[in-house]
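Trainee: Sequence first, then the predicted structure:
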Amino acid sequence: MTPKLSAADRAILDECIYYLNLEEMREFCRAHDLPLMIHVERPDGRLRASRDRDRKDVVLARILEFALNGKRTGPTVYSRGVVSDAPLPERLTRAFRLHYGQYDKKNERLIGTLKELTGGTYRNGMIARFVLRDFWTSGSAPTLQEFAEEWLRAQAAHTEPRPEGAYLVDLAQGRAGEGWKQVRNEKAKKALAILARLVA
């Protein structure tokens, strides 16, 4: 049975879990058999781990679900319909559907087309990854037009850092000074101590 969490410990966990770094999340997931990597559906229907790690917010939610409720949730899965290793065509149109395995931030034709579709504002980064992963997770390979339009909406809506970006949140609030790494370590240690107690 999962131990009951006090209000004080819940408040600490809610604040501090975002300070976990990749290695700490990886270690916890490995110790408790929780998926860390995105999986893709093969043509035969079987799943295999991809080369890409799941989003931090997704992994943290998975860790909390296990620690608080004892439930293991499966990996994020991209269905076979949104996966392709086919090379990009020489001519890219707004109707071209972008599959997982085809996005290449170094491909000048692709980035150039996306810039054209966004009035020159497109740039590779976190928002692009979030938008594409949301499409692929929902089972859709978006057209470049659809991707560009959703990227513009997401870019406009992104007015402050997301909670899982602890450093960026603290930076925006003027709390990321020289001693930030020590603060991160201390907060991560608090979160891990509570998690260890919950799953003991």
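Mentor: Nice, thanks for sending it over.

Trainee: who touches the lowest-mean-pLDDT helix or strand in the chain?
Mentor: In the chain, no helix or strand scores lower on mean pLDDT, DSSP states H and E than helix 166-172, which sits at a mean of 90. The set of residues external to helix 166-172 that reach it, using C-beta atoms under 8 Å, 6 or more residues apart in numbering, is 18-19, 160-163, 176, 180, 183-184, 187. For glycine as for every other residue, the C-beta is placed from the backbone atoms N, C-alpha and C.

Trainee: which residue ranges form the helices in this structure?
Mentor: Assigned by DSSP state H, the helices in the chain fall at 7-16, 22-31, 56-69, 108-117, 126-137, 144-157, 166-172, 180-199.

Trainee: which of those helices has the lowest average pLDDT?
Mentor: Among these, helix 166-172 has the lowest mean pLDDT, at a mean of 90.

Trainee: Can you name the residues that contact the residue nearest to the spatial centre of the chain?
Mentor: Nearest residue to the geometric centre of the chain (C-alpha atoms, centre = their mean): residue 55, 1.5 Å. Shown here is residue 55, whose contacts under the criterion C-beta under 8 Å, 6+ apart are 76, 129-130, 133, 164.

Trainee: how close does it get to residue 68?
Mentor: 19 Å (C-beta to C-beta, to the nearest Å).

Trainee: Buried among the contacts of residue 55? Need that as a selection in PyMOL.
Mentor: The PyMOL selection below is limited to those of the contacts of residue 55 classed as buried (16 or more other C-beta atoms under 10 Å):
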select buried, resi 76+130+133+164
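
Trainee: Quickly note the distance from residue 55 to residue 174.
Mentor: Taking C-beta to C-beta, one finds residue 55 at 26 Å from residue 174.

Trainee: where does residue 95 land on pLDDT?
Mentor: 98.

Trainee: what's the answer for the one 3 residues further on, then?
Mentor: The pLDDT attached to residue 98 in the predicted structure is 98.

Trainee: show me the contacts for residue 102.
Mentor: Residue 102 neighbours (C-beta under 8 Å, 6+ apart): 84-88.

Trainee: Name the weakest-confidence residue in these, if you would.
Mentor: Among those, residue 85 has the weakest pLDDT, 92.

Trainee: That one: neighbour count?
Mentor: 8 (other C-beta atoms under 10 Å).

Trainee: how about the closest residue to it other than its chain neighbours, phi and psi?
Mentor: Spatial nearest neighbour of residue 85, excluding adjacent residues (C-beta to C-beta, 6 or more residues apart in numbering): residue 101 at 4.7 Å. Backbone dihedrals for residue 101, given as degrees, to the nearest 10, come out at phi 110, psi -10.

Trainee: In contact with residue 101, which residues?
Mentor: Counting by C-beta under 8 Å, 6+ apart, residue 101 touches 83-85.

Trainee: Repeat that for residue 104.
Mentor: Neighbouring residues of residue 104 by C-beta under 8 Å, 6+ apart: 88, 110.

Trainee: So for it, what pLDDT did the model give?
Mentor: Taking residue 104 on its own, its pLDDT is 95.

Trainee: Ramachandran coordinates for it?
Mentor: With angles defined as degrees, to the nearest 10, residue 104 sits at phi -130, psi 110.
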